[in-house]
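A.B. asks: generate a structure from the sequence data that follows.
(one chain, ligands or ions: 2)
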Amino acid sequence: MAKLTVNDLDVRGKRVFVRVDYNVPMEERDGQMVINDATRIKETIPTLELLVKKGGKLILAAHLGRPGGKREPSMSLRPVAAKLQELSGLPVSFVDDIIGPKVESAVAGLKDGSILLLENSRFYPEEEANDPAFAEKLARLADVYVNDAFGAAHRAHATTEGIARVIAGRGGKCAAGLLMERELRFLGQELDHPARPFVVILGGAKVSDKIKVIDRLLDKADTILIGGGMTYTFRLALGFKIGKSICEPDRVDVAQAALEKAKARGVKFLLAIDNIVATPVDSGRLNKKGRPVFELRQPRVNDSTNIPDSEEGIDIGPKSIQLFTPIIQQAKTILWNGPMGLFEDPRFAEGTFAIAKAVADATERNGAKSIIGGGDSVKAMNNAGLGGRVTFMSTGGGASLEFLEGQELPGVAALSEK
Ligand code: 3PG
Ligand code: MG
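C.D. replies: Residues are numbered from 1 along each chain as shown. Ligands and ions are numbered 1, 2, ... in the order given. Have a look, this model is predicted:
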């Protein structure tokens with residue numbers, strides 16, 4: 001059933017608790033936390049503008065990082081408040097707590113159309129525990145609840161789920177924000193009734209992360225193209241040599257089952273046919289987790305589906321690019337989730353960037369609807385300079401995967417029906 005949205009709300013003079021996903025990448029520079037990518041902040045502005053225009057008093061809540069229920073100064077949302085004010089041109093105030101007297105007096109002072117951002121909700125352990133008493137305290141701050149945090153909607157936390165239950169329980173409205181609505185439309189309805197051919201491109205390291213998505217998309221897609229680390233588990237299932245490439249031997253049966261289902265359904269299921277390989281050499285150093293760091297030496301094209309024993313596949317090769325590109329360019333609906341290789345290293349970025357280019361081309365020249373499923377693929381589109389040239393890029397990582405698997409997200413389930 002369709003969920004209530006901010007368009008349906010009358011919020012004049014009301015206190016509106018808006019959950020946003022401002023879990024943005026940050027970095028310390030000269031002792032200050034600086035935001036590296038403000039996409040998630042920008043994407044909420046239409047919702048905020050609408051609620052401001054409607055005369056609501058906005059109380060924004062979000063989490064940042066994983067502080068583990070303690071105050072962690074490097075994870076304060078204060079710089080985010082400044083960034084939001086700069087990007088939106090709306091005055092944004094900040095309070096360095098999420099419940100308690102300071103927050104209550106800041107909320108009491110809100111005028112119609114003004115915005116207050118609360119501190120990182122995960123500074124309290126009750127947030128992730130979805131503690132009912134904590135949710136009650138949050139709910140006391142507001143009359144109406146809006147969730148625009150698609151990226152956090154797979155979490156049943158106090159600000160994403162508990163508070164909505166309390167507000168709905170006392171007869172208040174709980175609505176989706178405009179970003180949430182768009183995410184649900186592009187990753188949901190649009191893929192349920194896709195224009196054909198519907199081409200799915202999947203990458204990333206693990207079959208285990210994506211197997212549920214693969215299984216579900218085998219019921220919908222015309223073609224599935226596989227690149228990235230998960231290729232090698234599929235190749236192992238087909239009896240090829242994978243050298244030192246990443247793989248999950250315990251998922252070979254799952255990969256096998258997906259290949260058989262594809263055959264039975266008449267879905268074209270194509271694996272990368274060649275690779276850029278390199279020789280991993282132990283550098284003698286350890287990473288932050290205490291594991292040995294391997295250097296990838298002598299990258300070269302391996303023109304075969306078999307990889308020599310001493311080498312590791314790190315990107316798809318030129319023949320795979322040639323195979324995948326026209327299929328993507330002729331698609332009418334495209335879903336892309338997961339890079340083709342280690343694109344952060346320029347030596348292994350060509351495959352991922354070629355796919356990014358093909359997706360942008362299909363969108364512009366063939367009128368395809370192109371949907372980028374969040375996380376690393378969005379980063380890859382942006383690194384390729386093509387972020388603005390696709391139909392939709394999800395702001396969710398884990399949330400978009402779970403949603404694509406067909407799971408009900410707790411943050412969505414808690415919203416009122418229309
Ligand atoms: C994310 O970035 O994945 C979301 O903001 C959720 O954060 P989490 O994975 O720490 O719950
Ligand atoms: Mg996550």
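A.B. asks: of all the residues in the protein, which ones are close to ligand 2?
C.D. replies: 397-398 (Cβ under 5 Å from the ion). C-beta here means a position set from N, CA and C on the backbone, and glycine is covered the same way.
A.B. asks: residue of the chain with the smallest distance to ligand 1?
C.D. replies: residue 23 (3.3 Å; Cβ to the nearest ligand atom).
A.B. asks: for that residue, give me phi and psi.
C.D. replies: Per-residue torsions, residue 23: phi -80, psi 80 (degrees, to the nearest 10).
A.B. asks: distance of it from residue 303?
C.D. replies: Distance, residue 23 to residue 303, by Cβ to Cβ, to the nearest Å: 42 Å.
A.B. asks: settle it for me: which of these two has more neighbours?
C.D. replies: Remark: of residue 23 and residue 303, residue 23 carries more neighbours, 22 against 11, as counted by other Cβ atoms under 10 Å.
A.B. asks: how much space between the closest residue to residue 329 other than its chain neighbours and residue 194?
C.D. replies: Once flanking residues are discounted, residue 329 sits nearest to residue 362: 5.0 Å by Cβ to Cβ, 6 or more residues apart in numbering. Distance of residue 362 to residue 194, computed by Cβ to Cβ: 13 Å.
A.B. asks: looking at those two, which is more packed in?
C.D. replies: Under the criterion of other Cβ under 10 Å, the comparison of residue 362 against residue 194 puts residue 362 first, with 25 against 21.
A.B. asks: so who does residue 14 touch?
C.D. replies: Contact analysis of residue 14 by Cβ atoms under 8 Å, 6 or more residues apart in numbering lists 56-57, 143-144.
A.B. asks: give me the neighbour count for residue 48.
C.D. replies: Residue 48, neighbours per other Cβ under 10 Å, totals 26.
A.B. asks: quick check: it touching residue 115?
C.D. replies: Yes. With contact defined as Cβ atoms under 8 Å, residue 48 and residue 115 form a contacting pair (6.6 Å).
A.B. asks: any idea how many residues pack against the residue in the chain positioned nearest to ligand 2?
C.D. replies: Closest approach between the chain and ligand 2, counting by Cβ to the ion: residue 398, at 4.1 Å. The number of residues packed near residue 398 is 15, by other Cβ under 10 Å.
A.B. asks: in contact with it, which residues?
C.D. replies: Taking Cβ under 8 Å, 6+ apart as the test, what residue 398 contacts is 151, 154, 375.
A.B. asks: what's the pLDDT at it?
C.D. replies: Per-residue confidence for residue 398 comes out at a pLDDT of 94.
A.B. asks: got it, and residue 1?
C.D. replies: 64.
A.B. asks: ok so, going back, max pairwise distance over the contacts of residue 14: which two?
C.D. replies: The largest distance within those, taken as Cβ to Cβ, falls between 57 and 144 and amounts to 9.8 Å.
A.B. asks: mutual contacts of these two, please.
C.D. replies: Here residue 57 and residue 144 have 14-16 as joint contacts, going by Cβ under 8 Å, 6+ apart.
A.B. asks: and the helices in the stretch 51-200 of the chain?
C.D. replies: 78-88, 101-108, 125-128, 132-139, 163-169, 178-184, 190-192 (DSSP state H, counting those that start in this stretch).
A.B. asks: what would those look like in JSON lines with mean neighbour count and distance to residue 317?
C.D. replies: Below are those laid out as JSON lines (neighbours: other Cβ atoms under 10 Å; distance: least, Cβ to Cβ, whole Å):
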{"stretch": "helix 78-88", "mean neighbour count": "18", "distance to residue 317": "41"}
{"stretch": "helix 101-108", "mean neighbour count": "14", "distance to residue 317": "56"}
{"stretch": "helix 125-128", "mean neighbour count": "19", "distance to residue 317": "43"}
{"stretch": "helix 132-139", "mean neighbour count": "19", "distance to residue 317": "52"}
{"stretch": "helix 163-169", "mean neighbour count": "21", "distance to residue 317": "48"}
{"stretch": "helix 178-184", "mean neighbour count": "23", "distance to residue 317": "34"}
{"stretch": "helix 190-192", "mean neighbour count": "15", "distance to residue 317": "29"}
